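1. Have a look at this prediction, sequence included:
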Amino acid sequence: MKKEKTRPWPSRKGFVTNYPHFRKWKKAPPPEMSGTGPVHIYLHIPFCIQRCAYCYYSAVPLKEAGGAKELGEYVDALRREIKTASRRFHLRERPVASIYFGGGTPTVMNEGHFSRIIDALHENLDIQDPEFTVEAEPVTLARKKADFLKSVGVNRISLGVQSFCDDIIQLCGRLDTAEKALRAVEIASQTGAVVNIDLLSGLAGETMNSWSHTLEQALLTGAESVTVYKMELHANTAYYRKIRAGAIQIPSDDEELEFMRHALGRFEEKNYLPWSFFTFTQNGRHENIYASGIWRGEDCHAFGVSGFGGMGEWLFQNTSDRKKYLALAGAGEIPIQRGHRMTGKDRMIRDVLLCMKLTRLDMRNFEDRHGLSLESLCPKALEELEDEGFIRLENSHIEMTRKGILYGDHTGKRLAAPLMELDSNSPQTQ
Ligand code: SF4
C-alpha cells in the first residue's frame, strides 16, 4: 500500500451505516414493537455468484452454500417469516412505502424464487404501487429475468457495476466484464425501471485514467442514477491479504479523494445532482424513497438472515446465522436476535448522522422532533463547519457545500460529536 500523508481530519473514511453501533444493542429481541403509517420493506438475499476480493459482508457464493437446494429452502423460510412477522407486527394494516431486495445478490434467484417471495408479500401486506428496488449484479441480469421483474412491479434496478475497466474488475475477483455491465444497464433501462449504477472508488489498480474511463462509461449509459462508494479496506478480505503480501496495491486516500473530486465536477457538468452525498441523479430527480425514508427515521421491517430494521423507538436485527434463521423462520418463529430501544439522545444523534447523508437538514424540523435546537446543541461545530466551507446555513437549513459532499459523513460526524457528550439523564435525552 502506498504511504499515506497524515490526514487525521477531515477524511472520507468511515462510512456511517447505522447508529447506535451494534455493540450497544442487546442480544435479545425487542419485547414488543408497533407503529402506524407507511412502512418500508427490506428483504435480504445472502447469496452471490462469487466472493468479491474487497467484500467484508457475510454473503456467500451460492455454490458454496449448497446451490439450488439451499436457495429453495431459504425462499421457503422467507415466505414463512413474511407471514409470521406480518401477523405479529400488524404490518398488513400499514401501506407499504417501498420494497427493497438487497444482499448479497438478489438476482442469483430465478423468476420462480422471486415469484414465490413476491406472492407472499402480496398475500400478507398492503401493497399498492410502491417504489420497488432490486439490487443486481450485471452478470446475473438476463433480459428474461429483467422483463419478469418488470412484470411483478419492479421499478428500480440498482446494478453493482463497480468499474468499467476489465483489468480492475478482474482484480476484484468478479465474473463481470465491462461489456456485460453495459449490456445489463441496457437491459435494465429497457424495462422502463429507474437504473442506478453503483461504482467503487479506490479499487486495486485504479488510476485517474481508469477512474475517468469508468465514470464516462457510466454517464454515457444515460442511467438515471450513479452512486459512488469509497472502497474501504477490511481485514477479513482477500484484498487485505493480497495487499499485505504485496501482490496488489490500492490508491492512497489522497488519490481516492482526487477521484471523487473529479467525479463531482463531471456530475455537475452533466447535471447529475446529489440527492445524497454519494448518489447523483439526472436533474436531481429519482430520489431513492427506500434509502431516504430509512435515513429520515421512517419504519422499516426487514426480512431474511441478518436483515435489520427499525420500528418506532426500536431497532432490531434478525439472526446472522443462516442455519438458525432457516430453523426459526421455518418453524414459524420470529428470527429477531437482537434489538436496541433508542433513547432521545440516540434519536438526535441518529437524525444528524443519517439525515446529513441527504446533504440537507431542516433545523426547525429537528427542533420539533427533539425539543432542542441544533443551534444550542452544537453552535461551535456549526460555526466551524461553515467557516471551513463544509456547509452553508440558509433559512434554518444546513446545506452541504461541494466540499461537504466530497468529505461525505464528515459533516454529520462533527455535528453529532457534541451531542454524544450530552447528559443521558435529562428529559430530552432519555
Ligand atoms: S456481490 Fe456484493 S455482497 Fe456479493 S460478494 Fe460481491 S461485494 Fe460482497
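-> Cool, got the structure. Residues are numbered from 1 along each chain as shown.

2. got the contact list for the most centrally placed residue in the chain?
-> Central residue of the chain (Cα atoms, centre = their mean): residue 291, 6.9 Å from the mean position. Taking Cβ atoms under 8 Å, 6 or more residues apart in numbering, we find residue 291 in contact with 276, 279. C-beta coordinates here come from the backbone N, C-alpha and C atoms, glycine included.

3. Please give the element, helix or strand, for it.
-> helix 289-295 (DSSP states H and E).

4. Can you list the neighbours in contact with the helix or strand just after that helix?
-> Later in the chain than helix 289-295, the nearest helix or strand by DSSP H and E is strand 300-303. The contact list for strand 300-303, computed with Cβ under 8 Å, 6+ apart, reads 39-44, 78, 81-82, 85, 89, 91, 293-294, 308-311, 316-318.

5. Let's see which of these end up in helices.
-> Per DSSP state H, helices hold the following members of the contacts of strand 300-303: 78, 81-82, 85, 293-294.

6. Make JSON lines out of those and add distance to the ligand, pLDDT and neighbour count.
-> Below are the ones in helices among the contacts of strand 300-303 laid out as JSON lines (distance: Cβ to the nearest ligand atom, whole Å; pLDDT from 0 to 100; neighbours: other Cβ atoms under 10 Å):
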{"residue": "78", "distance to the ligand": "17", "pLDDT": "98", "neighbour count": "26"}
{"residue": "81", "distance to the ligand": "21", "pLDDT": "98", "neighbour count": "26"}
{"residue": "82", "distance to the ligand": "22", "pLDDT": "98", "neighbour count": "25"}
{"residue": "85", "distance to the ligand": "24", "pLDDT": "96", "neighbour count": "20"}
{"residue": "293", "distance to the ligand": "22", "pLDDT": "97", "neighbour count": "20"}
{"residue": "294", "distance to the ligand": "19", "pLDDT": "96", "neighbour count": "21"}
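
7. Which residues of the chain lie near the ligand?
-> 48, 51-52, 55, 57, 59, 103-105, 137, 160 (Cβ under 6 Å from any ligand atom).

8. What about those residues, which are in strands?
-> 48, 103, 160 (DSSP state E).

9. Relative to the ligand, which of the residues you listed is nearest.
-> residue 48 (3.2 Å; Cβ to the nearest ligand atom).

10. bridging residues for that closest one?
-> When assigned by DSSP bridges, residue 48 has beta-bridge partners residue 61.

11. Please identify the buried residues of stretch 339-352?
-> 339-340, 342-352 (16 or more other Cβ atoms under 10 Å).

12. Equivalent analysis for stretch 382-390, please.
-> Neighbour count says stretch 382-390 has 382, 385, 390 buried, by 16+ other Cβ under 10 Å.

13. Out of those, name the ones that lie in helices.
-> Filtering those for helices - DSSP H - leaves 382, 385.

14. of the buried residues of stretch 382-390, closest to the ligand?
-> Distances from the ligand to the buried residues of stretch 382-390, taken by Cβ to the nearest ligand atom, are shortest for residue 390, at 29.8 Å.

15. now the closest one: how far from residue 383?
-> Distance, residue 390 to residue 383, using Cβ to Cβ, to the nearest Å: 11 Å.

16. One more: residue 226?
-> With Cβ to Cβ as the criterion, residue 226 and residue 383 are 33 Å apart.

17. Check residue 120 too.
-> 52 Å.

18. Could you spell out the sheet neighbours of the helix or strand harbouring residue 393, each with its direction?
-> In the assignment (DSSP H and E), residue 393 maps to strand 391-394. Counting by DSSP bridges, the strands paired with strand 391-394 are strand 397-400 (antiparallel).

19. mean confidence for the partner strand?
-> What strand 397-400 shows for mean pLDDT is 98.

20. and that strand, how far from the chain's centre?
-> How far strand 397-400 lies from its chain's middle: 22 Å, per Cα atoms, centre = their mean, to the nearest Å.

21. what's in contact with that strand?
-> So strand 397-400 is contacted by 277, 356, 359-363, 374, 382, 390-393, 411, 415 (Cβ under 8 Å, 6+ apart).

22. And the next helix or strand past that strand?
-> Counting by DSSP H and E, what follows strand 397-400 is helix 402-406.

23. Determine the set of other helices and strands touching that following helix.
-> The helices and strands touching helix 402-406, judged by 3 or more Cβ pairs under 8 Å, 6 or more residues apart in numbering; DSSP states H and E, are helix 253-269.

24. Can you tell me who residue 341 pairs with across the strands?
-> Going by DSSP bridges, residue 341 forms beta bridges with residue 314.

25. Make TSV out of the buried residues of stretch 382-390 and add pLDDT and distance to residue 429.
-> TSV is the format used below for those (pLDDT from 0 to 100; distance: Cβ to Cβ, whole Å):
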residue	pLDDT	distance to residue 429
382	97	19
385	97	23
390	97	26
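
26. Which one of the buried residues of stretch 382-390 is nearest to residue 185?
-> Of all those, residue 390 has the smallest distance to residue 185: 33.2 Å, by Cβ to Cβ.

27. Please name the residues that touch that closest one.
-> 10, 400-401, 403-404, 407, 410-411, 414.

28. Out of these, the closest to residue 189 would be?
-> The closest of these, once distances to residue 189 are taken by Cβ to Cβ, is residue 400, at 29.5 Å.

29. wait, what's in contact with the closest residue to the closest one other than its chain neighbours?
-> Nearest residue to residue 400, sequence neighbours excluded (Cβ to Cβ, 6 or more residues apart in numbering): residue 359, at 4.2 Å. Residue 359 makes contacts with 274-277, 399-400, 404-405, as judged by Cβ under 8 Å, 6+ apart.

30. Tell me the buried residues in stretch 111-124?
-> Applying 16+ other Cβ under 10 Å to stretch 111-124 flags 113-114, 117-118, 120-121, 124 as buried.

31. What of stretch 160-171?
-> Buried-residue list, stretch 160-171, by 16+ other Cβ under 10 Å: 160-165, 168-171.

32. May I see the residues you listed arranged in a markdown table, with pLDDT as well?
-> Listed next are the buried residues of stretch 160-171 as a markdown table, based on pLDDT from 0 to 100:
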| residue | pLDDT |
| --- | --- |
| 160 | 98 |
| 161 | 98 |
| 162 | 98 |
| 163 | 98 |
| 164 | 98 |
| 165 | 98 |
| 168 | 98 |
| 169 | 98 |
| 170 | 97 |
| 171 | 96 |
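
33. Can you tell me which of these is closest to the ligand?
-> residue 160 (5.7 Å).

34. can you pull the contacts of that closest one?
-> 105, 135-138, 198.

35. contacting residues for residue 356?
-> Neighbours of residue 356 in contact, by Cβ under 8 Å, 6+ apart: 277, 398, 400, 409, 411-412, 415.

36. And for residue 123?
-> Residue 123 touches residue 83, counting by Cβ under 8 Å, 6+ apart.
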